[in-house]
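>>> Pasted the sequence and its predicted model underneath.
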Amino acid sequence: MEKIRISGNHKLRLKGKVRISGAKNAVLPAIAAALLTKEKVKLNNVPLVKDVFTILTVMKELGARYTIKKNSLSLQIKKIKSDEASYDLIQAMRASILVLGPLLARYGKSIVALPGGCAIGSRPIDLHIHGLEKLGASIILEHGYINAKAKRLHGAEVEFEKKTVGGTENLIMAASLAQGETVLKNCSLEPEVINLCELLVKMGAKIDGIGQEIIRIKGVKELGGATHDIIPDRIEAGTFLIASALTQGDIKLTHIQPEHLDVVIEKLRYSGAKIEKLKDHSLRVIGSEEIKSQDITTSPYPGFPTDMQAQFIVLMTQASGTSIITETIFDRRFSHINELLRLGAAIEIFGDKAIVKGKTPLSGAETIATDLRASASLVLAGLIANGETVINEIEHLDRGYERLEEKMKSLGASIERIKE
Ligand code: UD1
């Protein structure tokens, strides 16, 4: 079992330059999109994180061959070998559900295990299923599997009852090979959805309204290969922004798209950090001595991302005053708070709200990472907690952060991975 050990210090000042990796949440749908064509899809700026290898294992079972050179992935599924994504793989990563739509659209059949419970609350997939049914799929849920069939999907109008990133992506991919026009309403606006649409357009898909709530897709018979760049990971970037704000640091983030971070930047500026947009896809963030408390409410893009909530709570433990953090996307997404309490934070939970009282000194302790972003919040807390913090079960961290401890170390943190 691997752990992370941090020797923290409230006097730590992170300094230096860090290169942000490609977005995990953009590469997963892009990999699934390769199911839509016989030809080769090449993806650049791929983060080599565990979730990527999990979806590649699913793709391999379905018939994919792939090679990885540095951060470029070449992927090809000449022939679909199997129509089934098994429980073992789906329960390892819920986003494997992204293969459902493209597999069904190309192969006419798709059997995908129903994802079970998840550490960040109930995560149903009813919106994916209803949407595919509207496109003509017959879907039966039995023995813990989604069994979907359709000779050829047909265009339809689908309005998502609520915003769903994965649901929007699954439906866009399926509709790209359906017969006729599909109109999707109330689509998610996340940059990762746009990045997927841009890949599909390169593959020959006819998509109108990219980046808007209403997307029109004219289905085509076949899609071809393409080469595509994965956008930078705005959540990894946001995590480093907070690391600098928290430690009165001076960090330059490179290879990012600052406009994807507008709301996070706005909140950090209000809290006192100085953030300067530099010309070359870079940002400089300088943390201030005084951190101002403020309330945040998570919401779909362009709102404050739920994937930054845990990290922001850590910053608020060091702010002067009380802040109210409201989580509207996922229920039970406060598991990190129990761990932060063990480090000395003063936080109370009332339903979907966490009331954070600042400023509390943190002291190092042994903790458990409960999910991906919770792990990142523990790393941040460990940096400024006096003494040693040990984070157990860091496989959660490895799911979505590429070499986080190496990057933190290069900025001056005393952090290491240990094996037991
Ligand atoms: C994606 C991101 C995840 C992020 C989340 C919200 C990936 C791989 N993961 O997850 O990091 O935290 O967006 O920004 O991109 N819902 C339903 N029925 C459905 C689908 C979703 O009720 O069929 C609900 C969910 O339970 C949740 C909300 O809708 O409350 C948003 O979920 P969704 O946008 O689908 O999240 P994911 O795509 O799973």
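Sure thing, it's come through.
>>> Now do stretch 218-227: distance from first to last residue.
Counting by Cα to Cα, to the nearest Å, you get 22 Å between the two ends of stretch 218-227.
>>> taking the mean pLDDT, what do you get for the helix or strand encompassing residue 60?
Using DSSP states H and E, residue 60 maps to helix 50-62. Helix 50-62 shows a mean pLDDT of 94.
>>> That helix packs against which elements?
Using 3 or more Cβ pairs under 8 Å, 6 or more residues apart in numbering; DSSP states H and E as the contact test, the elements touching helix 50-62 are helix 24-33, strand 65-69, strand 72-76, strand 84-85, helix 87-92, helix 395-400. The C-beta positions use only the backbone N, C-alpha and C, and glycine is treated the same way.
>>> Run the angle between that helix and helix 24-33 for me.
10 degrees (axes from the mean of the first three to the mean of the last three Cα atoms, to 10 degrees).
>>> can you map out the strands along the stretch 51-200 of the chain?
Ranges of strands within the stretch 51-200 of the chain are 65-69, 72-76, 84-85, 109-113, 138-142, 145-149, 157-159, 181-185, based on DSSP state E, counting those that start in this stretch.
>>> mind giving me a markdown table with these and columns for mean neighbour count, mean pLDDT and distance to residue 357?
Output for the strands of the stretch 51-200 of the chain, formatted as a markdown table (neighbours: other Cβ atoms under 10 Å; pLDDT from 0 to 100; distance: least, Cβ to Cβ, whole Å):
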| stretch | mean neighbour count | mean pLDDT | distance to residue 357 |
| --- | --- | --- | --- |
| strand 65-69 | 12 | 98 | 46 |
| strand 72-76 | 20 | 98 | 45 |
| strand 84-85 | 22 | 88 | 45 |
| strand 109-113 | 22 | 92 | 43 |
| strand 138-142 | 12 | 93 | 45 |
| strand 145-149 | 20 | 93 | 45 |
| strand 157-159 | 16 | 98 | 42 |
| strand 181-185 | 19 | 98 | 42 |
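>>> how about these in CSV, adding distance to the ligand?
Below are these laid out as CSV (distance: least, Cβ to the nearest ligand atom, whole Å):
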stretch, distance to the ligand
strand 65-69, 19
strand 72-76, 16
strand 84-85, 15
strand 109-113, 13
strand 138-142, 13
strand 145-149, 11
strand 157-159, 12
strand 181-185, 14
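>>> OK, contacts around residue 312?
Counting by Cβ atoms under 8 Å, 6 or more residues apart in numbering, residue 312 makes contact with 242, 267, 296, 304, 325.
>>> Could you save the strands of the stretch 51-200 of the chain as JSON lines and add columns showing distance to residue 192?
Formatted as JSON lines, these follow (distance: least, Cβ to Cβ, whole Å):
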{"stretch": "strand 65-69", "distance to residue 192": "20"}
{"stretch": "strand 72-76", "distance to residue 192": "16"}
{"stretch": "strand 84-85", "distance to residue 192": "21"}
{"stretch": "strand 109-113", "distance to residue 192": "20"}
{"stretch": "strand 138-142", "distance to residue 192": "25"}
{"stretch": "strand 145-149", "distance to residue 192": "23"}
{"stretch": "strand 157-159", "distance to residue 192": "19"}
{"stretch": "strand 181-185", "distance to residue 192": "16"}
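>>> Model confidence for residue 137, exactly?
pLDDT for residue 137: 97.
>>> okay, now the closest residue to it other than its chain neighbours: neighbour count?
Using Cβ to Cβ, 6 or more residues apart in numbering and skipping the chain neighbours, the partner closest in space to residue 137 is residue 150 (4.3 Å). Residue 150 has 21 neighbouring residues, counting by other Cβ atoms under 10 Å.
>>> Could you double-check that residue 150 lies in contact with residue 135?
Yes: using Cβ atoms under 8 Å, residue 150 makes contact with residue 135 at a distance of 7.3 Å.
>>> returning to that earlier point: now the angle between strand 65-69 and the helix holding residue 60, please.
150 degrees.
>>> List, one by one, the residues from the stretch 251-400 of the chain near the ligand.
With Cβ under 6 Å from any ligand atom as the criterion, the stretch 251-400 of the chain comes near the ligand at residues 306-307, 329-330.
>>> check contacts around the residue of the chain positioned farthest from its centre.
Within the chain, residue 151 marks the point farthest from the mean C-alpha position, 32.7 Å out by Cα atoms, centre = their mean. Applying Cβ under 8 Å, 6+ apart to residue 151 gives the contacts residue 108.
>>> Phi first, then psi, for it.
phi -60, psi -60 (degrees, to the nearest 10).
>>> now do residue 152
phi -140, psi 130.
>>> separation between it and the ligand?
Plainly put, residue 152 is 23 Å away from the ligand if you go by Cβ to the nearest ligand atom, to the nearest Å.
>>> pLDDT value on that residue, please?
93.
>>> so how many other residues sit close to it?
14.
>>> That one contacts residue 179, doesn't it?
Yes: with contact defined as Cβ under 8 Å, residue 152 counts as touching residue 179 (5.5 Å).
>>> Okay, helices next: where are they in the stretch 101-250 of the chain?
126-134, 165-176, 191-202, 234-246 (DSSP state H, counting those that start in this stretch).
>>> Turn the ones you listed into TSV, columns for mean neighbour count, mean pLDDT and distance to the ligand.
Conversion of the helices of the stretch 101-250 of the chain to TSV gives the following (neighbours: other Cβ atoms under 10 Å; pLDDT from 0 to 100; distance: least, Cβ to the nearest ligand atom, whole Å):
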stretch	mean neighbour count	mean pLDDT	distance to the ligand
helix 126-134	20	95	3
helix 165-176	28	98	3
helix 191-202	22	98	6
helix 234-246	27	98	7
